[in-house]
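# one predicted model, sequence on top.
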Amino acid sequence: MGFFDDKQDWLEIVFKNYPPENRRAAVMPLLRKVQQEEGHVSPERVAEIAEILGTTATEVRGVMSFYSYYQAVPTGKYHLQVCATLSCKLAGAEELWDTLRAELGVGPGEVTPDGLFSIQKVECLGSCHTAPVVQVNDEPYLECMNRERLKALLEGLRSGKRLEEIELPGDCGHEVRKEGA
Ligand code: FES
């Protein structure tokens, strides 16, 4: 059974927001729906979306590739994304990445045996002034990260705490530029 077979009403509502002659424009809401409900967008779902929209799987995959939110393979309960772009790199993102790999024993595209964690390097998250930045799922960014803060984060998540309940040691000491300064 296809993912969208029992979601025809939902599809109709979505398509109302797009011109009938350009259904391909609705690719984002369809991708988002699959990602939210299944945790990743498998090749079968890509093909299904392409068929619904009258486009190709290559085009759907092309859209996916622009957004780190969309995962082609299953992720852990906590998908840890390390920004690896210049400001974060200069501020220690590689060390964070190496720490994560060593602590969790997984690489990109893999999930820890307990199903809890997966990791990914991502492009600039847009918070360069608080580099290096890590994001868990689509939660607010964790800023000014270092090994100590990262280990506290992992410990908290392993113990079942919600992200907002986890205390990270130290302050985010970077100066935040004021609007217009
Ligand atoms: S370079 Fe990491 S947030 Fe911009």
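In hand now; what should we look at?
# what packs against the host helix or strand of Asp98?
Counting by DSSP states H and E, the element that carries Asp98 is helix 93-104. Contact here means 3 or more Cβ pairs under 8 Å, 6 or more residues apart in numbering; DSSP states H and E; on that basis helix 93-104 packs against strand 78-83, strand 117-122, helix 147-158. Heads up, the C-betas are built off the backbone N, CA and C, glycines and all.
# can you tell me what sits against the last one?
Same thing as helix 147-158. Helix 147-158 has contacts (Cβ atoms under 8 Å, 6 or more residues apart in numbering) with 78, 95-96, 99-100, 103-104, 116-117, 134, 136, 142, 145, 163, 165-170.
# are any of these buried, and which?
Applying 16 or more other Cβ atoms under 10 Å to the contacts of helix 147-158, the neighbour count classes 78, 96, 99-100, 103-104, 117, 134, 136, 142, 145, 166, 168 as buried.
# and the gap between the residue nearest the centre of the chain and the ligand?
Note on the chain: the residue nearest the mean C-alpha position is Tyr69, at 3.7 Å, using Cα atoms, centre = their mean. Computed as Cβ to the nearest ligand atom, to the nearest Å, the Tyr69 to the ligand distance reads 15 Å.
# hang on, isn't that residue packed against Gln35?
Yes: Tyr69 is in contact with Gln35 according to Cβ atoms under 8 Å; the separation is 6.6 Å.
# buried sites along stretch 102-114?
Going by neighbour count (16+ other Cβ under 10 Å), the buried part of stretch 102-114 is 103-104, 106, 110-112.
# can you lay out those residues as a markdown table showing pLDDT and distance to Gly2?
Putting the buried residues of stretch 102-114 into a markdown table (pLDDT from 0 to 100; distance: Cβ to Cβ, whole Å) gives the following:
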| residue | pLDDT | distance to Gly2 |
| --- | --- | --- |
| Glu103 | 96 | 39 |
| Leu104 | 97 | 34 |
| Val106 | 97 | 31 |
| Glu110 | 95 | 28 |
| Val111 | 96 | 25 |
| Thr112 | 97 | 31 |
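# TSV for the residues you listed, including distance to the ligand?
As requested, the buried residues of stretch 102-114 are exported to TSV (distance: Cβ to the nearest ligand atom, whole Å):
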residue	distance to the ligand
Glu103	21
Leu104	21
Val106	22
Glu110	23
Val111	24
Thr112	24
